[in-house]
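**Student:** Make a model of this:
(chains A, B and C)
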Amino acid sequence: MLTIDIITPDPLLTLINILATIVMSMGAFFMVVGSVGLLKFPDFYTRLHATGKCDTMGQILIIVGCMIYQGFDFITVKLFFVSAFYLFAGPAATHALMKAAYFTGLKVWKKGDPKM
Amino acid sequence: MTEAMGKTGNGKAFSILLTFIIAFSLWLLFSYWNKYLVGHYDLFRLARGIIVAVIIALTMHQLLIPAGGQKRLVKLRRWCLYALWELWQIVLAAVDVAMRVLGLRPLDPRIIEFETTLRSDLALTTFGDSITLTPGTITINIEPERGKYVVHAIAQEPADALTVDQTMQKKVGYVFMEE
Amino acid sequence: MIAPFVIIAILVGFTVLLCTYRAVFGPGTLNRIVAANVIGTKAIVLLILAGYIIERPHFIDIGLMYAVLSFIGTIIMSKYLERGDLCSR
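**Tutor:** Here you go, the predicted structure:
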């Protein structure tokens, strides 16, 4: 028996793939910007601003992109728990580090000082 | 005798049961998808989950379901709506920091202090977490007796949004009913 | 659909190199703790992406455990630096 298979691309699958790629590339952009801010900013307190907000957001976006790619499966639930944990743990770790720096007397950079 | 047990009435049995249900359902959620992969999913795996869930329910039920009389359900419903507004603020915060890294907005950090009318543990923690997630501010220190916050702000506009406008204080005060 | 995962994993790995500069040259201990925390965060993202590249996504459990351990490590280090002692009596 001879069967001819015509492969037609499923349009819904391609749309899900494109959406997941867009969300993941936005997450990668925020991660690169966060790391460049870690190098560029002049003070410890401002560097914590850059990593505590941009880094958390970039990671959550990458994991949400992987969740969109996977569809409805049990792996999606595990990925959701990883991203929800970072939503609560990222700001708490940032606050703990800033409190330790303030109470050991690290100086705050004002506008016009040399870079420290 | 019932006061000596730590709770009055039969609230203790209900909280143990609720903690057991939550722990066991989380265990099922994480391990049930192995049913088609490993080969057989029999009573042995379920028994391990039941034993661990019972241990957790007996030792930690008072942490998860606290003593009643504090109108928890109303606060939970208002807190869910507040969390949705908070997620939108996280997106704004990441975009704001990205613009400051790329040089589109100036950089002028300062430290500010202010007082609020919140007194309970959960309200103070929620407000401190929200300050860290808002564009441009991070919490440094909290004093629980007078509700005093020490905050590091990255420019003048986020500092003004926190001390002059006071939108977030009103929202958190509405959620926890402590205006 | 393997090529986008590889490109994004290479970008995230490049940012790990950027953070290593701050871990080596940061003036003081606190800058180095921040760099170690950021590298730990990126390691979890790399674990998940590597699971998708080789088409066996079983690394997510390891990533969840490592996220909890790394967070507790950062809190313990900052508490020790602030007080000079972990549990003072």
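
**Student:** what's near enough to touch residue 40?
**Tutor:** Let's take chain A. The neighbourhood of residue A:40, defined by Cβ atoms under 8 Å, 6 or more residues apart in numbering or on different chains, consists of residue B:101. In short, each C-beta sits where N, CA and C put it, glycine included.

**Student:** that answer is for a different chain, and I need it for chain C
**Tutor:** Contacts for residue C:40 (Cβ under 8 Å, 6+ apart) come out as C:66, C:70.

**Student:** gap between it and chain A?
**Tutor:** 10 Å (Cβ to the nearest Cβ, to the nearest Å).

**Student:** Check residue B:116 too.
**Tutor:** 17 Å.

**Student:** residue contacts, that residue?
**Tutor:** Contacts of residue B:116 (Cβ under 8 Å, 6+ apart): B:127, B:147-149, B:169.

**Student:** Could you single out the nearest of those to residue B:82?
**Tutor:** residue B:127 (10.7 Å; Cβ to Cβ).

**Student:** okay, now that closest one: neighbour count?
**Tutor:** For residue B:127, the count of nearby residues is 22 (other Cβ atoms under 10 Å in any protein chain shown).

**Student:** gap between it and residue B:147?
**Tutor:** Residue B:127 is 9 Å from residue B:147, where distance means Cβ to Cβ, to the nearest Å.

**Student:** Excluding residues flanking it in the chain, which one is nearest residue B:121?
**Tutor:** residue B:144 (7.6 Å; Cβ to Cβ, 6 or more residues apart in numbering or on different chains).

**Student:** now residue B:49
**Tutor:** Excluding the flanking residues, the one nearest residue B:49 by Cβ to Cβ, 6+ apart is residue B:27, at 4.2 Å.

**Student:** How about residue A:54?
**Tutor:** residue A:34 (3.4 Å).

**Student:** Hmm, that neighbour is touching residue A:48, no?
**Tutor:** No - contact criterion Cβ atoms under 8 Å: residue A:34 and residue A:48 do not qualify, at 11.2 Å.

**Student:** Who has more neighbours out of those two?
**Tutor:** Under the criterion of other Cβ under 10 Å, the comparison of residue A:34 against residue A:48 puts residue A:34 first, with 30 against 24.

**Student:** so what's the more buried one up against?
**Tutor:** For residue A:34, the contact set (Cβ under 8 Å, 6+ apart) comprises A:50-51, A:53-55, A:58, B:97, B:101, C:15, C:38.

**Student:** hmm, 6 Å instead?
**Tutor:** By Cβ atoms under 6 Å, 6 or more residues apart in numbering or on different chains, the residues touching residue A:34 are A:50-51, A:54-55.

**Student:** Low-confidence stretches in chain B?
**Tutor:** Counting by pLDDT under 70, chain B has low-confidence residues at B:1-11, B:32-42, B:64-71, B:178-179.

**Student:** Chain A too?
**Tutor:** Using pLDDT under 70, chain A drops low at A:1-9.

**Student:** mind redoing it with 80?
**Tutor:** Within chain A, the ranges that satisfy pLDDT under 80 run A:1-10, A:73-74, A:111-116.

**Student:** now the helices: where do they sit in chain A?
**Tutor:** For chain A, the helices defined by DSSP state H occupy A:11-40, A:44-50, A:56-70, A:74-103.

**Student:** any chance of these in TSV, plus distance to residue B:122?
**Tutor:** Below are the helices of chain A laid out as TSV (distance: least, Cβ to Cβ, whole Å):
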stretch	distance to residue B:122
helix A:11-40	30
helix A:44-50	25
helix A:56-70	22
helix A:74-103	14
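
**Student:** of all those helices, which lies closest to residue C:72?
**Tutor:** Taking Cβ to Cβ, helix A:74-103 is the member of these nearest to residue C:72, at 9.3 Å.
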